[in-house]
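1. coordinates for the following, if possible.
(one chain, ligands or ions: 1)
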Amino acid sequence: MWIDAPTIRTENDFIPLIRPKPGKSAVVVLNGPPLRLFCHYFRRRTWPCVGAGCPLCDRRASKRLYSYYPVLSLRGNPAVLELTPVSDQSLARQIAEYSDEPVGVVKVTRPTGRNNLPCEVSWREKRDTDPKPNGEIERTFLVRTLCRLWKLPCPDGDPGSADWVLELRQSLIFALDEMESNA
Ligand SMILES: [Zn+2]
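-> Next up, the predicted model:
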């Protein structure tokens with residue numbers, strides 16, 4: 001089962017992050033609430049901002065807010081959809097009338113042009129989605145995928161809790177030190 005994805009990482013591991021290229025679209029099933037967090041781009045890598053005492057904030061690395069949604073491809077494969085705030089707000093407006101757990105299909109299209117233009121998002125409700133979202137599994141998958149993107153070990157415990165963030169911060173400091181000592 002996909003929730004038992006191997007924890008051993010190789011360079012060729014596929015990270016199921018959905019971030020369409022200019023002129024391209026992706027259609028996915030929204031599968032749970034997003035995780036919204038600031039990320040840094042530093043030395044050609046994405047890193048999470050770990051808040052107070054963040055070593056990348058100390059280095060004045062650029063920082064952007066992202067929303068990461070757990071989604072399923074139309075074939076049912078789990079993935080993570082990355083949206084910038086403009087796109088996320090557009091999605092939020094479209095699903096605002098469905099105040100309870102929204103289940104639906106999202107089409108995300110990156111306009112042609114520069115690589116970082118915000119995606120256009122269109123959403124429609126779809127109640128007959130199968131399998132049904134399971135908050136805890138989706139959140140674990142989401143966080144593990146993000147940690148693989150960041151090339152950091154995924155801490156155990158409740159994602160976003162103080163202990164979890166502290167452990168992530170330690171891993172980040174270690175990875176950064178290692179990278180800079182090899183530079
Ligand atoms: Zn930071």
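2. alpha carbons only for contacts and neighbour counts from here, please
-> Noted.
3. off-centre distance for the helix or strand bottoming out on mean pLDDT in the chain?
-> Lowest mean confidence among the helices and strands of the chain (mean pLDDT, DSSP states H and E): helix 135-150, at a mean of 88. On the basis of C-alpha atoms, centre = their mean, to the nearest Å, helix 135-150 sits 8 Å off its chain's mean C-alpha point.
4. now do that helix: which elements does it pack against?
-> Helices and strands touching helix 135-150, by 3 or more C-alpha pairs under 8 Å, 6 or more residues apart in numbering; DSSP states H and E, are strand 45-48, strand 63-73, strand 78-83.
5. beta-bridge partners for residue 64, please?
-> Counting by DSSP bridges, residue 64 is bridged to residue 39.
6. list the buried ones in the host helix or strand of residue 57?
-> Following DSSP states H and E, one finds residue 57 within helix 55-58. Residues of helix 55-58 classed as buried by neighbour count (16 or more other C-alpha atoms under 10 Å): 55-56.
7. restricting to C-alpha, output the least confident helix or strand of the chain in PDB.
-> Taking C-alpha atoms only, helix 135-150 is exported to PDB below (Å, rounded to 0.1, in the frame of the first residue of the first chain):
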ATOM      1  CA  GLY A 135      -7.300  13.100   7.200                       C
ATOM      2  CA  GLU A 136      -4.500  11.400   9.100                       C
ATOM      3  CA  ILE A 137      -3.200   9.300   6.200                       C
ATOM      4  CA  GLU A 138      -3.300  12.300   3.900                       C
ATOM      5  CA  ARG A 139      -1.500  14.500   6.300                       C
ATOM      6  CA  THR A 140       1.300  12.000   6.900                       C
ATOM      7  CA  PHE A 141       1.700  11.500   3.200                       C
ATOM      8  CA  LEU A 142       1.800  15.300   2.700                       C
ATOM      9  CA  VAL A 143       4.500  15.800   5.300                       C
ATOM     10  CA  ARG A 144       6.600  12.900   4.200                       C
ATOM     11  CA  THR A 145       6.500  14.100   0.600                       C
ATOM     12  CA  LEU A 146       7.500  17.600   1.600                       C
ATOM     13  CA  CYS A 147      10.400  16.300   3.700                       C
ATOM     14  CA  ARG A 148      11.600  14.300   0.700                       C
ATOM     15  CA  LEU A 149      11.400  17.500  -1.400                       C
ATOM     16  CA  TRP A 150      13.500  19.300   1.200                       C
END
